[in-house]
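S.K.: Just the structure for this:
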Amino acid sequence: MHFWHSEPMDLVAACRAFVHVSERGSFTVGAAAARVAQPVASRRIAALERHLGDRLLDRSSRAATLTPFGRDLLPLARELVRAADRLEHEAQAALDRPLRLAVPATCPADALARL
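M.R.: Presented below is the predicted three-dimensional model:
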């Protein structure tokens with residue numbers, strides 16, 4: 001297996017665009033669902049296709065349909081997007097957790113307030 005890395009690519013963002021476009025059958029509607037402009041989604045999917053070595057979608061003026069290669073890879077792309085979303089959610093939850101400190105009962109409140 002050989003992948004060409006001719007250009008930098010955000011794999012998660014490209015997979016997110018691919019998932020949304022393929023699920024909706026439209027670059028315009030899929031891009032909106034992915035919260036990016038249609039040309040951005042198109043560029044991301046094209047970069048992903050170059051990166052992976054084959055077309056993921058057949059494009060027509062009316063629809064975007066999965067190729068056999070795209071059908072094979074869509075479940076993995078969905079899994080990657082879900083894992084990235086879960087990572088971001090867990091990171092935010094960790095940041096939002098209150099800080100807990102163990103303070104000896106013998107520490108006066110005014111000394112604690114000065115800390």
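S.K.: what's the following helix or strand after the lengthiest helix in the chain?
M.R.: Identified as the longest helix of the chain according to DSSP state H is helix 68-96. Per DSSP states H and E, helix 68-96 leads on to helix 109-114 as the next helix or strand towards the C-terminus.
S.K.: quick one: that following helix to chain centroid distance?
M.R.: 45 Å (CA atoms, centre = their mean, to the nearest Å).
S.K.: before we move on, what about stretch 24-37?
M.R.: Taking mean C-alpha positions (CA atoms, centre = their mean), stretch 24-37 and its chain are 14 Å apart.
S.K.: quick check: mean pLDDT across that stretch?
M.R.: Confidence for stretch 24-37, expressed as mean pLDDT, is 96.
S.K.: Identify each buried residue in that stretch, please.
M.R.: For stretch 24-37, burial by neighbour count (16 or more other CB atoms under 10 Å) applies to 24, 26-27, 30-31, 33-34, 36. The C-beta positions use only the backbone N, C-alpha and C, and glycine is treated the same way.
S.K.: Endpoints of that stretch, how far apart?
M.R.: 15 Å (CA to CA, to the nearest Å).
S.K.: What lies in contact with that stretch?
M.R.: Taking contacts as CB atoms under 8 Å, 6 or more residues apart in numbering, the residues outside stretch 24-37 that touch it are 13, 16-17, 19-23, 38, 40-42, 44, 59, 63-65.
S.K.: Which residues are in contact with F18?
M.R.: Counting by CB under 8 Å, 6+ apart, F18 has contacts 44-45, 48, 56-57, 70, 74, 77.
S.K.: How about the helix or strand harbouring it, which residues are buried there?
M.R.: Assigned by DSSP H and E, F18 belongs to helix 11-24. Using 16+ other CB under 10 Å as the test for burial, helix 11-24 gives 12-22, 24.
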